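Student: Provided below for reference: sequence and predicted model.
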Amino acid sequence: AQKVTQAQTEISVVEKEDVTLDCVYETRDTTYYLFWYKQPPSGELVFLIRRNSFDEQNEISGRYSWNFQKSTSSFNFTITASQVVDSAVYFCALSGNNAGNMLTFGGGTRLMVKP
Amino acid sequence: KAGVTQTPRYLIKTRGQQVTLSCSPISGHRSVSWYQQTPGQGLQFLFEYFSETQRNKGNFPGRFSGRQFSNSRSEMNVSTLELGDSALYLCASSFESQETQYFGPGTRLLVL
């Protein structure tokens, strides 16, 4: 069975603060993929990043960065210098090698960035 | 390239009715997956279709069904609607399994 836990249900920060969203996963698959999606109020899930289990390199994309640590089964997401437009619900998801295209989502973290 | 499109965007039905939702994937994508999102249960996988065949199914009752056409467009059907079926239904497409899934805007279904 697969499981994704996002312990932070809601985070509120002031603009320009850095914020880290936590994601912890469980899987028995040796090969798996981790994802982050953003869901603005419109409802559409916007893809942010995909990482496979053999690639533990951290990644930076503009103000976004991701820290993948297999030893702790975590895939955390950091937004540097947050902006009001970053306000959304963020989901971490897992796809196991034996699960086809089935994504197991965490419960999501609602991020509110105040001006 | 056009994104994933879903129709209709909003739907109101009454208990006992049935509903059909449609999804057109990104051009060239062969896999279409459906998800249900509710405040209580979060995002849950319904099923995946690839080349007109259901490849994977989540833990939902048989009232939820789907199909995929030769042009990769997909429909999902919910029969005998219940109040608890009120949700945002999201469709996602990818070229192949375990590649990035891109989501459509969703269909908001309200069952009265």
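Tutor: Everything's here; your move.

Student: residue ranges for the strands of the chain, please.
Tutor: Since you didn't name a chain, this refers to chain A. Secondary structure of chain A by DSSP state E: the strands cover A:3-5, A:10-14, A:19-21, A:24-26, A:32-39, A:46-52, A:59-61, A:64-69, A:74-79, A:88-96, A:104-105, A:109-114.

Student: other chain: chain B
Tutor: With DSSP E, the ranges of strands along chain B come out as B:5-7, B:10-13, B:19-24, B:31-38, B:42-50, B:53-57, B:64-68, B:74-78, B:87-94, B:102-103, B:107-111.

Student: Would you indicate which residues of stretch B:21-29 are buried?
Tutor: B:L21, B:C23, B:S24, B:P25, B:I26, B:H29 (16 or more other C-beta atoms under 10 Å in any protein chain shown). C-beta coordinates here come from the backbone N, C-alpha and C atoms, glycine included.

Student: Let me have the strands of chain A in CSV, adding distance to chain B and mean neighbour count as columns.
Tutor: As requested, the strands of chain A are exported to CSV (distance: least, C-beta to the nearest C-beta, whole Å; neighbours: other C-beta atoms under 10 Å in any protein chain shown):
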stretch, distance to chain B, mean neighbour count
strand A:3-5, 10, 17
strand A:10-14, 14, 13
strand A:19-21, 16, 18
strand A:24-26, 15, 17
strand A:32-39, 6, 22
strand A:46-52, 5, 16
strand A:59-61, 14, 10
strand A:64-69, 14, 17
strand A:74-79, 15, 20
strand A:88-96, 6, 23
strand A:104-105, 4, 21
strand A:109-114, 12, 17
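
Student: could these go into TSV alongside mean pLDDT?
Tutor: Formatted as TSV, the strands of chain A follow (pLDDT from 0 to 100):
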stretch	mean pLDDT
strand A:3-5	97
strand A:10-14	98
strand A:19-21	98
strand A:24-26	97
strand A:32-39	96
strand A:46-52	94
strand A:59-61	89
strand A:64-69	95
strand A:74-79	97
strand A:88-96	96
strand A:104-105	96
strand A:109-114	98
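
Student: Tell me which of the ones you listed sits nearest to B:R9.
Tutor: Closest to B:R9 of the strands of chain A is strand A:32-39 (C-beta to C-beta; 15.7 Å).

Student: now chain B, which segments are flagged as low pLDDT?
Tutor: When residues are selected by pLDDT under 70, those of chain B lie in B:1.

Student: So which bits of it are right by chain A?
Tutor: Within chain B, the positions adjacent to chain A are B:31, B:33, B:35, B:42-45, B:48, B:50, B:55-56, B:58, B:88, B:90, B:92, B:94, B:97-106, B:108 by C-beta under 8 Å from any C-beta of the partner chain.

Student: Quick check on these: which are buried?
Tutor: B:31, B:33, B:35, B:42-45, B:48, B:50, B:55-56, B:58, B:88, B:90, B:92, B:94, B:97-98, B:101-106, B:108.

Student: Setting aside sequence neighbours, what's the nearest residue to A:S82?
Tutor: Of all residues not flanking A:S82 in the chain, A:V113 sits nearest, at 4.7 Å (C-beta to C-beta, 6 or more residues apart in numbering or on different chains).
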